[in-house]
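>>> need the 3D shape of this:
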Amino acid sequence: MEKDFQKLSAFVLIGALVVLAFFVLKPIIISLITGLIFGLIFLPVYNFVHKRVKNRNLSASIVCILLIVCIILPLWFLIPVLLNQSIQIFLLTQEMDFITPLKSLFPSLFVSEQISSQLTGVLNSFITNIASGAMNTIAGLLLNFPVILLQILVVLFVFFFTLRDSKELVIYLQSVLPFSKDVEKKIFRSSKDITFSIIYGQIFIGILQGILTGLGFYLLGIPNVLFLGVLSAIFGIIPL
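Here you go, the predicted structure:
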């Protein structure tokens with residue numbers, strides 16, 4: 001009985017340490033996974049470059065520079081604009097009257113003065129919480145810039161070696177899997193097709209959603225269309 005208790009205590013302790021280590025290393029783990037995903041996305045680009053350059057290190061470096069130019073540099077210039085527009089939206093939500101349109105649309109909900117005041121309070125609190133939450137998120141990103149920079153470096157590091165050593169990685173995975181060569185080839189081919197379809201499809205849909213949303217807001221004369229369009233694209237790309 002005592003030995004069983006000791007084993008159970010050891011398992012619980014190990015489990016607690018694993019969970020604690022995960023939360024401590026969570027930013028690094030996310031960066032590693034992000035680097036692998038970007039490596040999968042840009043692998044066709046790497047193969048295209050490698051056919052012409054031949055040197056694996058140089059080919060991976062060129063694609064890394066391409067990633068920085070295509071993603072990081074635009075974000076560097078967009079973030080100040082998005083920050084400015086998010087502040088404007090926050091201030092706008094504090095001044096806008098959301099209750100009057102709702103009263104005209106749903107007059108039955110505002111018959112009682114008590115219910116009307118409660119709905120008004122709940123709605124204002126909800127809008128304020130969303131706006132302040134967005135502002136807190138942006139402020140947190142600015143305050144955690146050194147940590148974010150470290151995560152970006154980890155992403156680029158993993159991205160580089162995922163591209164450069166992609167063949168070795170596939171060979172290693174094939175050696176670990178307990179399947180025949182034909183089954184392994186079918187699994188890798190199917191997994192590759194599914195992965196690329198999901199990733200590219202999700203990114204394309206998200207970008208298209210952001211463009212159409214921004215265009216719609218622009219035609220309606222709604223301000224801060226860039227911020228709203230980028231936000232819509234992010235929500236379209238990231239499955240929630």
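
>>> which other helices and strands does the helix ranked longest in the chain contact?
When the chain is parsed with DSSP state H, its longest helix is helix 2-53. If you count contacts as 3 or more C-beta pairs under 8 Å, 6 or more residues apart in numbering; DSSP states H and E, helix 2-53 packs onto helix 56-67, helix 145-164, helix 166-176, helix 181-219. All C-beta atoms are positioned from the backbone trio N, CA, C, and that covers glycine.

>>> quick check: mean pLDDT of it?
Taken as a whole, helix 2-53 has an average pLDDT of 75.

>>> cool, and stretch 121-141?
69.

>>> enumerate every residue touching the closest residue to residue 211 other than its chain neighbours.
Counting by C-beta to C-beta, 6 or more residues apart in numbering, residue 211 lies nearest to residue 229, which is 6.8 Å off, once chain neighbours are set aside. By C-beta atoms under 8 Å, 6 or more residues apart in numbering, the contact set of residue 229 is 210, 211, 213, 214, 215, 217.

>>> can you say which of the residues you listed are buried?
Neighbour-count burial within these applies to 210, 213, 214, 217; the criterion is 16 or more other C-beta atoms under 10 Å.

>>> check contacts around the third one.
Yep, that's residue 214 we're talking about. So residue 214 contacts 225, 226, 228, 229, 230, 232 (C-beta under 8 Å, 6+ apart).

>>> give me the pLDDT for the second one.
The model reports residue 226 with a pLDDT of 70.

>>> neighbours of it, how many?
Per other C-beta atoms under 10 Å, the neighbour tally for residue 226 reads 17.

>>> any idea how far it is from residue 19?
40 Å (C-beta to C-beta, to the nearest Å).

>>> do the same with the fifth one
According to C-beta to C-beta, residue 230 stands 34 Å off from residue 19.

>>> which of these two has more neighbours?
residue 230 (18 against 10).

>>> right, and the more buried one touches residue 211 too?
No - if you go by C-beta atoms under 8 Å, residue 230 and residue 211 don't touch, sitting 10.3 Å apart.

>>> and stretch 161-176, what's its mean pLDDT?
74.

>>> how about stretch 77-86?
Mean predicted confidence for stretch 77-86 is 70.

>>> same check, this time on stretch 206-223
On average, stretch 206-223 scores 76.

>>> okay, it in CSV with CA atoms only?
Output in CSV follows, covering the C-alpha atoms of stretch 206-223 (Å, rounded to 0.1, in the frame of the first residue of the first chain):
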residue,chain,number,x,y,z
GLY,A,206,-8.1,35.1,-44.3
ILE,A,207,-6.4,37.6,-46.6
LEU,A,208,-9.4,37.7,-48.9
GLN,A,209,-11.7,38.2,-45.9
GLY,A,210,-9.6,41.1,-44.7
ILE,A,211,-9.5,42.8,-48.1
LEU,A,212,-13.2,42.4,-48.6
THR,A,213,-14.0,43.6,-45.1
GLY,A,214,-11.7,46.6,-45.4
LEU,A,215,-13.2,47.5,-48.8
GLY,A,216,-16.7,47.2,-47.5
PHE,A,217,-16.0,49.5,-44.5
TYR,A,218,-14.2,51.9,-46.9
LEU,A,219,-17.3,52.0,-49.2
LEU,A,220,-19.6,52.6,-46.2
GLY,A,221,-17.4,55.5,-45.1
ILE,A,222,-16.4,53.8,-41.8
PRO,A,223,-13.0,55.2,-40.5
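
>>> returning to that earlier point: can I get the buried ones among the contacts of residue 229 in a markdown table with distance to residue 169?
Output for these, formatted as a markdown table (distance: C-beta to C-beta, whole Å):
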| residue | distance to residue 169 |
| --- | --- |
| 210 | 32 |
| 213 | 38 |
| 214 | 38 |
| 217 | 43 |
